[in-house]
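Visitor: what would the 3D arrangement of this be:
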Amino acid sequence: MTAPDRVDTLTAQWRAERPDLDPSPMQVIGRLHRLADHLREELTAVYRRYGLGEGEFDILAALRRAGEPFAAAPGELARHTMVTSGAVTKRVDRLVASGLVVRDDDTDDGRARVIRLTAAGRRVIDEAFAAHLANEERLLAGLDAAQRRGLEALLRAWGGALGV
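Guide: Sure thing, here's the model as predicted:
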């Protein structure tokens with residue numbers, strides 16, 4: 001049995017103050033919220049080592065995952081990174097300024113533009129992604145393989161139930 005944590009304390013306080021309500025959902029949601037905040041900090045620390053924010057990392061990763069020629073239309077990037085086209089434009093502007101991507105004509109449609117990784121962008125995302133995976137492995141080190149598979153299955157089921 002693990003020691004009580006901040007979520008246990010908050011839940012107990014609510015039980016005392018509002019015995020007519022069941023605060024047990026906080027046991028899950030509160031912990032997930034605290035974990036998400038902590039994980040975001042740990043993940044973005046790695047991105048910063050490569051001069052990237054979370055959004056820039058997402059754009060570079062989406063382009064790299066696309067395979068040769070490592071290019072995508074801005075609308076595709078918005079769908080793959082789940083942000084607005086305006087947010088993609090701002091992220092791409094920063095990546096263009098840093099020489100990691102270029103805006104280019106689409107070879108299939110001369111009227112359209114695509115965002116393409118530069119050689120420097122590919123080197124950065126390849127290094128950053130390797131460091132990212134090592135960091136994720138470090139963050140999961142407290143769970144054994146069975147716990148990780150169980151957590152993955154629970155999160156998949158819960159996400160499916162919520163439509164996310």
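Visitor: do you know how far residue 26 is from residue 10?
Guide: Distance, residue 26 to residue 10, using C-beta to C-beta, to the nearest Å: 6 Å. In this view, the C-beta of every residue, glycine as well, is placed from N, C-alpha and C.
Visitor: same question for residue 54.
Guide: 28 Å.
Visitor: what's the answer for residue 117, then?
Guide: In terms of C-beta to C-beta, residue 117 sits 45 Å off from residue 10.
Visitor: residue boundaries of the helices in the chain?
Guide: Taking DSSP state H as the criterion, the chain carries its helices at 6-17, 25-49, 54-65, 74-81, 85-97, 119-139, 145-162.
Visitor: ranking those by burial, who's on top?
Guide: helix 54-65 (a mean of 21; mean count of other C-beta atoms under 10 Å).
Visitor: in the protein, what helix or strand scores lowest on average pLDDT?
Guide: Of all helical and strand segments in the chain, the minimum by mean pLDDT, DSSP states H and E falls on helix 74-81, at a mean of 86.
Visitor: show me what it is in contact with.
Guide: 55, 58-59, 62-63, 65, 72, 84-85, 87-89, 92, 113, 115 (C-beta atoms under 8 Å, 6 or more residues apart in numbering).
Visitor: picking up where we left off before, got JSON lines for the helices of the chain, with distance to residue 103 too?
Guide: Output for these, formatted as JSON lines (distance: least, C-beta to C-beta, whole Å):
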{"stretch": "helix 6-17", "distance to residue 103": "46"}
{"stretch": "helix 25-49", "distance to residue 103": "22"}
{"stretch": "helix 54-65", "distance to residue 103": "12"}
{"stretch": "helix 74-81", "distance to residue 103": "9"}
{"stretch": "helix 85-97", "distance to residue 103": "7"}
{"stretch": "helix 119-139", "distance to residue 103": "13"}
{"stretch": "helix 145-162", "distance to residue 103": "34"}
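Visitor: among those, which is nearest residue 105?
Guide: helix 74-81 (13.3 Å; C-beta to C-beta).
Visitor: tell me the angle the closest one makes with helix 85-97.
Guide: 100 degrees (axes from the mean of the first three to the mean of the last three C-alpha atoms, to 10 degrees).
Visitor: give me the distance from helix 74-81 to the chain's centre.
Guide: Relative to its chain's centre, helix 74-81 lies at 14 Å (C-alpha atoms, centre = their mean, to the nearest Å).
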